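S.K.: Quick one: sequence and predicted model below, then my questions.
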Amino acid sequence: MQEKYENLRREYPVFSYDGYHISVEAGSVLLTFDFSIPGLCEFHPKTKIVTENLQILNSPDSLRARGIAFALGMVEAVSYWKSVCSPEFVIICQAPYFGEKDFEWWKKLWFNGLGEFFYKNKIEADFDDFVNLKFNSITQEGERDKEEFTAGGLNIIPVGGGKDSCVSLDLLKAFKNNNLCFTVNDQEARRQTAEAAGYGPEDTIRTYREIDTELLRLNREGFLNGHTPFSAIVAFLSLYCAHLTGAENIVLSNESSANEASVHGTDINHQYSKSFEFEKDFSNYVQEHFGGHTRYFSLLRAFNELQIAKRFASLKEFHKAFRSCNVGSKKNIWCKECSKCLFVYIVLSPFMAAEELKEIFGEDLLDKVGLLEEFKGLIGLLDLKPFECVGTVDEVRYALAMTAEKYASQNLKMPALLEYYVKEISRGTELEADLLKAYEKENAIPEEFLDFVAEMYEDVSKTD
């Protein structure tokens, strides 16, 4: 694949960011981006933001709004650039709030966000020369301080339909009248988990992201393809929506576990744009470029996946609605064949009865020997974790050790994968450090939200 990478870079040496457009329509705002690969094709992806249920406090087309829209385009462009990995990325369009000093920031996001893409395609990319940014546009940086921001006292809570955002919705129920859910491509699990927390369409910022079909054509024809930092798109898109509504907080549900690399001994992380490193970088970028009117932080950063699973296990109102399976997301099902399904089953297994879990998933995934390879990756017997949003090896082992103890104490026959774990991994050592009492101090949770964090910590750390 390295040869293909080099050949495509030679054949298509330039990728161009040609423009972005903000169209205010009845009940919506439409963002359109223009990219091109000279000699190959053009791309015009679109994102629609439904505004009919929102109170718009700041102009959709102000200088700050255009600056955020331009930055969103910089993230969107990665999905299209990666098809040929042109060595030169040229910015043609006007770019408010942007300058050459930002090149390193964007290169860091792209390089780290494409770590999985490079790894899986067996591409040896170097940070210094994988892309060279050229800037042929006009900035309007001098006008930034003249623009006012009307605050609305709102919290935007991105809802993906999984267990983590359910926990955040529950923790912040005291702020319900000031909360807006935020969804990208309004799938069923996202609507249903929001509804389970008491939020309807009127309380939700609904956005719809449309991929240009030219990219799908290139994918079919064998051009380069792979994972991109989607959560960075969520970051800038939610920031644009925060500008519109005057929201002062974007409250994420990313856990401390997202910081761990997917490939042992490297920095390659499937969840890079969910990591605390990106969270800090993004917050600094917002502060420097857009005035810092909106804070961007994860309410769950102090916790690991096991702690979040324990809290979620008690929130029965969400159990029928939530879905964490990417494979089955469009059909709103658990595919029961992927590492994500297996991981969620594992971390819930210490805290829920097997019958409850089987009712949610449709079968006992710990008894599914066809998932052995995925299981090995999760428990650390392979060189890499599955490229999914899953917890650390220690968390998985800890959960399995707890579940094994539960089965043993009740004299129950262990399911096949749990029995495999007990035989292959020495029992006892996993329980030496109590992960349910862990607290990640490296977080950016604002002081006024710490009471909710303290409430959750007391709940998940207590001995039952």
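M.R.: Nice, I can see it.
S.K.: What strand or helix carries Ala194?
M.R.: Per DSSP states H and E, Ala194 falls inside helix 188-196.
S.K.: Downstream of that helix, the next helix or strand is which one?
M.R.: Taking DSSP H and E, what comes next after helix 188-196 is strand 204-210.
S.K.: mind listing what that following strand pairs with, with the direction of each?
M.R.: strand 46-50 (antiparallel), strand 179-184 (parallel) (DSSP bridges).
S.K.: could you give the angle of that strand to helix 188-196?
M.R.: Strand 204-210 runs at 170 degrees relative to helix 188-196, counting by axes from the mean of the first three to the mean of the last three CA atoms, to 10 degrees.
S.K.: Would you indicate which residues of strand 204-210 are buried?
M.R.: By neighbour count on 16 or more other CB atoms under 10 Å, the buried set for strand 204-210 is Thr204, Ile205, Arg206, Thr207, Arg209. In short, each C-beta sits where N, CA and C put it, glycine included.
S.K.: what's the next helix or strand after it packed up against?
M.R.: Counting by DSSP H and E, the next helix or strand C-terminal to strand 204-210 is helix 213-220. Applying 3 or more CB pairs under 8 Å, 6 or more residues apart in numbering; DSSP states H and E, one finds that helix 213-220 contacts strand 41-43.
S.K.: Show me the contact partners of the strand ranked longest in the chain.
M.R.: Counting residues, the longest strand found in the chain (DSSP state E) is strand 14-25. Contact with strand 14-25 is made by 29-38, 60-61, 65-66, 69-70, 72-74, 77, 80-81, 84, 86, 88-93, as judged by CB atoms under 8 Å, 6 or more residues apart in numbering.
S.K.: Provide the strand pairings for it, with the direction of each partner.
M.R.: strand 28-37 (antiparallel), strand 88-91 (parallel).
S.K.: out of those, nearest to Val131?
M.R.: Nearest to Val131, of all the strands paired with strand 14-25, is strand 88-91, at 5.2 Å by CB to CB.
S.K.: got the buried residues for that closest one?
M.R.: Buried residues in strand 88-91 (16+ other CB under 10 Å): Phe89, Val90, Ile91.
S.K.: Stretch 376-384 too?
M.R.: For stretch 376-384, a neighbour-count test (16+ other CB under 10 Å) marks Lys376, Gly377, Leu378, Ile379, Gly380, Leu384 as buried.
S.K.: how does this protein divide into domains?
M.R.: As given by automatic domain parsing, the domain ranges for the chain are 2-298, 323-432.
S.K.: Leu133 - that's part of a strand, no?
M.R.: Yes - assessed by DSSP: H, G, I helix; E, B strand; the rest coil, Leu133 belongs to a strand.
S.K.: Please work out how many residues are found near the nearest residue to it once chain neighbours are set aside.
M.R.: In space, and not counting its chain neighbours, Leu133 is closest to Phe103: 4.5 Å by CB to CB, 6 or more residues apart in numbering. Residues lying near Phe103 (other CB atoms under 10 Å) number 17.
S.K.: if I look at Phe103, how far off is Ser23?
M.R.: Separation of Phe103 from Ser23 (CB to CB, to the nearest Å) stands at 29 Å.
S.K.: Now the helix holding Ala194: buried residues?
M.R.: Of the residues in helix 188-196, Ala189, Arg190, Arg191, Gln192, Thr193, Ala194, Glu195, Ala196 count as buried by neighbour count, 16+ other CB under 10 Å.
S.K.: List of residues touching stretch 382-395?
M.R.: Everything outside stretch 382-395 that qualifies as a contact, by CB under 8 Å, 6+ apart, is 116, 120, 227, 255, 257-258, 260, 262-264, 270-271, 274, 304-306, 324, 326, 338-340, 343, 347, 373-374, 376-380, 396, 430, 435.
S.K.: Go again with 7 Å.
M.R.: 116, 227, 257, 260, 262-264, 270-271, 304-306, 339-340, 343, 347, 374, 376-380, 435 (CB atoms under 7 Å, 6 or more residues apart in numbering).
S.K.: what do you get for stretch 37-53?
M.R.: Counting by CB under 7 Å, 6+ apart, 12, 14-16, 27-36, 76, 80, 84, 86, 201-202, 206-212, 214-215, 237, 241, 244 sit against stretch 37-53.
S.K.: And for stretch 301-312?
M.R.: Contacts of stretch 301-312 (CB under 7 Å, 6+ apart): 163-164, 166-167, 254-257, 276, 300, 347-348, 351, 391, 395, 398-399, 435-436, 438-440, 443, 445, 453, 456, 459-460.
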